[in-house]
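**Q** Coordinates for the following, if possible.
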Amino acid sequence: MTAPITTRPDTAPPQAPKKKWYRRPWIVPLIAVAVLFVLARLPAYLSFDTSNALLPLQEGYPQLHFALLTGHILFGSIALICCSLQVWTWLRLKHPRFHRISGRLYVFAGVLPSGILAGVVSAIAVMDPAGRIGNLFLTVLWLGTTFLGIRAAIRKDFLRHRRWMIRSFALCFSIVANRVWIGILLLCLLPFQDSYYGGDFEALTEDVAVASIWVGWIVNLLIAQWWLDRKPKRRARPAVAA
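**A** Sure, this is the predicted structure:
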C-alpha cells in the first residue's frame, strides 16, 4: 500500500499588504486643522496683553483671568496636536515609542493641566450659567475618559485603552467642532433675529455660544461611540490553490 502523495502549491499564499502611512486619508487634514486652529488662537494669548483676549474677562481680576485662559489654551494646544498624532494608526504601529511619548505628553502636558484650568475658567467665565455648566461637564468627561484610558493601559488592557482614548480624543476636538457649530447655528437662527429676538443680535449670539458648547461635545461623543460600535466590513480573503 503506497502512502498518499501530497503536493505543495506552486505559489505561496499571498501575504497581506503592509499598511502605508497614507492609508488613512483623513489624518493629514486632521493634523492640518489642529495646527491651524492652534496658530489662530494661541498667539493672541501668548502676547500677555489682556486686550487681545478673545473672550470677555472678569472685571475684578482681568489679569488673573487672562493668565488662567492663557495656561488653559497653551496646554490645550499641546493636547490637540498630540491627540491628532495618537489616532494615526501607521505611526502607532511603526513607531510605538513615539506613540508612547506623545501619549504621555497628551496626558501630562495637555489634558491634566488644561483640564484643571478649564474647570477654573469655566466656573468664572463671563457667560450664561448654562454655558458654564456645559463647559464643566465637558471638562469632567475629558478628564474622566482620559483617566480611564490610562488605567486600562497600565493594566495592559489595550483594547479598552483604545476605546477610552478615542472618546478622550473626541472630547478634545470638540473645541474645534464648537467653532463649526457656531457658524451653523448662526445661519439657523439669523432668520429669527427680528421675530424671536426683537432685533437683538447680542442675545442671538449668546444663545448660539451656549448651544454650540453643548452641541460640540455631545455630537462628537456620539460620533465616537458610533465609530466604536460599528461593525467594520471584513475583506474577502484570497483563495489559496489546493
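
**Q** Now the helix of greatest length in the chain: buried residues?
**A** The longest helix of the chain (DSSP state H) is helix 201-229. Judged by neighbour count using 16 or more other Cβ atoms under 10 Å, the buried positions of helix 201-229 are 204-218, 220-221, 224. Where C-beta positions appear, they are placed from N, C-alpha and C, glycine not excepted.

**Q** next one: stretch 65-73
**A** 65, 66, 68, 69, 70, 71, 72, 73.

**Q** wait, which of these is closest to residue 165?
**A** Comparing those against residue 165 with Cβ to Cβ places residue 72 closest, at 20.9 Å.

**Q** Give the closest residue to the residue nearest in space to the middle of the chain in space, chain neighbours not counted.
**A** What sits nearest the mean C-alpha location of the chain, by Cα atoms, centre = their mean, is residue 173, with 2.7 Å. Excluding its sequence neighbours, the residue lying closest to residue 173 (Cβ to Cβ, 6 or more residues apart in numbering) is residue 220, at 6.3 Å.

**Q** What ranges does this protein have for its helices?
**A** Counting by DSSP H, one finds helices in the chain at the ranges 27-46, 62-86, 89-94, 96-106, 112-124, 129-154, 158-172, 174-189, 201-229.

**Q** quick one: the last one to helix 158-172, angle?
**A** For helix 201-229 against helix 158-172, the angle between stretch directions is 170 degrees (axes from the mean of the first three to the mean of the last three Cα atoms, to 10 degrees).

**Q** Equivalent analysis for the first one, please.
**A** Using the same axes, to 10 degrees, one finds that helix 27-46 and helix 158-172 are set 50 degrees apart in direction.

**Q** what do you get for the fifth one?
**A** Interaxial angle, helix 112-124 versus helix 158-172 (the same axes, to 10 degrees): 40 degrees.

**Q** which parts of helix 112-124 are buried?
**A** For helix 112-124, a neighbour-count test (16+ other Cβ under 10 Å) marks 112, 113, 114, 115, 117, 118, 119, 120, 121, 122 as buried.
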